[in-house]
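Asks: dropping the sequence and predicted coords here.
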Number of protein chains: 2
Amino acid sequence: MDKIPILRLGNFLLVTIQVDLYDRLALNLEADLVQMVNKTNARGVLIDISAVTIVDSFMGRIIGNIASMSKILDAETVVVGMQPAVAITLIELGLPLKGVHTALDMERGMSLLKSMIDIDEEDIDQESTDDDIITQ
Amino acid sequence: MDKIPILRLGNFLLVTIQVDLYDRLALNLEADLVQMVNKTNARGVLIDISAVTIVDSFMGRIIGNIASMSKILDAETVVVGMQPAVAITLIELGLPLKGVHTALDMERGMSLLKSMIDIDEEDIDQESTDDDIITQ
């Protein structure tokens, strides 16, 4: 089992990290996730790390990378279910996960993603309305 | 990491199996899942086994057990993402997973669960309508 499964849920992709992310597994996950975002036109990525009890700087970097890559492909990333001890360790390691949205659990993460996508769509609607006004 | 995380998604619970289910892990999963069904009033359980490439009779039995336990607590179980090789092995082992619903992927599993729950609710509506007629 050297692949972390990526589940599709409507517009979102869901990844549950349950095993230690060693080098090859993490790189595979990055590549698979970016390909899935592209293939499925996903607008959001939910990463559940509730089973992760030990975190190191490598894992912090991987999560940051995934968020940045998804952002370029126009998908938001939300990390959910972080254990308190993991949050403490990340800050002590000097990794505040900038650019990564977080939520307490799956349901809150899902509604956060939905609200972010709604805002995006409103912006687009607004822009197209502005265009209409200009062309009139 | 000796626990498999159980994610709540509205009325459903979602479990992704990514590691080999050895004895203690499987028993923990059974216990956790039954408790979560009870605590969250979940109506459905989705088990994703797309990362499982090797299956034995123990794992087949665990999946059957989870489905039976959930059923007693009024929740349906759908197994999604089974690899073709796993399906072949299960049948060769004489484990046709009776009583367990299956679907090709997450989205189909979700809609199968929704349709099963809708049917249940229609039955209840029907019964209450019948009662109304009797009491009138």
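Replies: Thanks, I have it.
Asks: alpha carbons only for contacts and neighbour counts from here, please
Replies: Fine.
Asks: which parts of chain A are strands?
Replies: For chain A, the strands defined by DSSP state E cover A:6-9, A:12-16, A:44-48, A:76-80, A:101-103.
Asks: closest one to chain B among those?
Replies: Taking Cα to the nearest Cα, strand A:6-9 is the member of those nearest to chain B, at 6.1 Å.
Asks: what's the closest one packed up against?
Replies: In this structure, strand A:6-9 makes packing contacts with strand A:12-16, helix B:106-135, judged by 3 or more Cα pairs under 8 Å, 6 or more residues apart in numbering or on different chains; DSSP states H and E.
Asks: I'd say A:Gly60 and A:Leu97 touch.
Replies: Yes: contact criterion Cα atoms under 8 Å: A:Gly60 and A:Leu97 qualify, at 7.0 Å.
Asks: A:Ile49 and B:Ser57, how far apart?
Replies: Look at A:Ile49 and B:Ser57: by Cα to Cα, to the nearest Å, they are 30 Å apart.
Asks: now A:Ser111
Replies: On the measure of Cα to Cα, A:Ser111 and B:Ser57 end up 39 Å apart.
Asks: before we move on, the earlier item: give me the more crowded residue out of A:Ile49 and B:Ser57.
Replies: Of the pair A:Ile49 and B:Ser57, A:Ile49 is the one with more neighbours under other Cα atoms under 10 Å in any protein chain shown, namely 20 against 12.
Asks: now for the more buried one: which residues touch it?
Replies: A:Ile49 makes contacts with A:16-18, A:79-83, as judged by Cα atoms under 8 Å, 6 or more residues apart in numbering or on different chains.
Asks: before we move on, the earlier item: okay, and the common contacts of A:Gly60 and A:Leu97?
Replies: A:Leu90.
Asks: next one: A:Glu92 from chain B, what distance?
Replies: According to Cα to the nearest Cα, to the nearest Å, A:Glu92 and chain B sit 22 Å apart.
Asks: and that residue, what does it touch?
Replies: Not one residue lies near A:Glu92 by Cα under 8 Å, 6+ apart.
Asks: and it, how close does it get to A:Met82?
Replies: Counting by Cα to Cα, the gap from A:Glu92 to A:Met82 is 15 Å.
Asks: again with A:Gly99
Replies: 16 Å.
Asks: again, but for A:Ile66
Replies: 16 Å.
Asks: neighbour-wise, which of the contacts of A:Ile49 leads?
Replies: Counting by other Cα under 10 Å, top hit in the contacts of A:Ile49: A:Thr16 with 26 neighbours.
Asks: so what would you say the end-to-end distance of stretch A:44-62 is?
Replies: Start-to-end, stretch A:44-62 (Cα to Cα) is 17 Å.
Asks: burial of the residue nearest to A:Ile54 when sequence neighbours are not counted, as a residue count?
Replies: Spatial nearest neighbour of A:Ile54, excluding adjacent residues (Cα to Cα, 6 or more residues apart in numbering or on different chains): A:Val86 at 6.5 Å. By other Cα under 10 Å, 17 other residues sit near A:Val86.
Asks: try A:Arg8
Replies: Here the count is done by other Cα under 10 Å, and A:Arg8 has 18 residues near it.
Asks: could you do A:Met110 as well?
Replies: For A:Met110, the neighbour count with other Cα under 10 Å is 20.
Asks: how much space separates it from chain B?
Replies: Per Cα to the nearest Cα, A:Met110 is found 9 Å from chain B.
Asks: confidence score at the nearest residue to that residue once chain neighbours are set aside?
Replies: Excluding the flanking residues, the one nearest A:Met110 by Cα to Cα, 6+ apart is A:Leu46, at 7.5 Å. pLDDT recorded at A:Leu46 is 94.
Asks: quick one: contacts for A:Leu46?
Replies: Taking Cα under 8 Å, 6+ apart as the criterion, A:Leu46 is in contact with A:12-15, A:77-80, A:106, A:109-110.
Asks: tabulate those residues (TSV), appending pLDDT and distance to B:Arg8.
Replies: Below are those laid out as TSV (pLDDT from 0 to 100; distance: Cα to Cα, whole Å):
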residue	pLDDT	distance to B:Arg8
A:Phe12	92	15
A:Leu13	94	15
A:Leu14	94	12
A:Val15	93	14
A:Thr77	93	18
A:Val78	95	16
A:Val79	94	15
A:Val80	94	12
A:Met106	91	7
A:Gly109	93	11
A:Met110	92	11
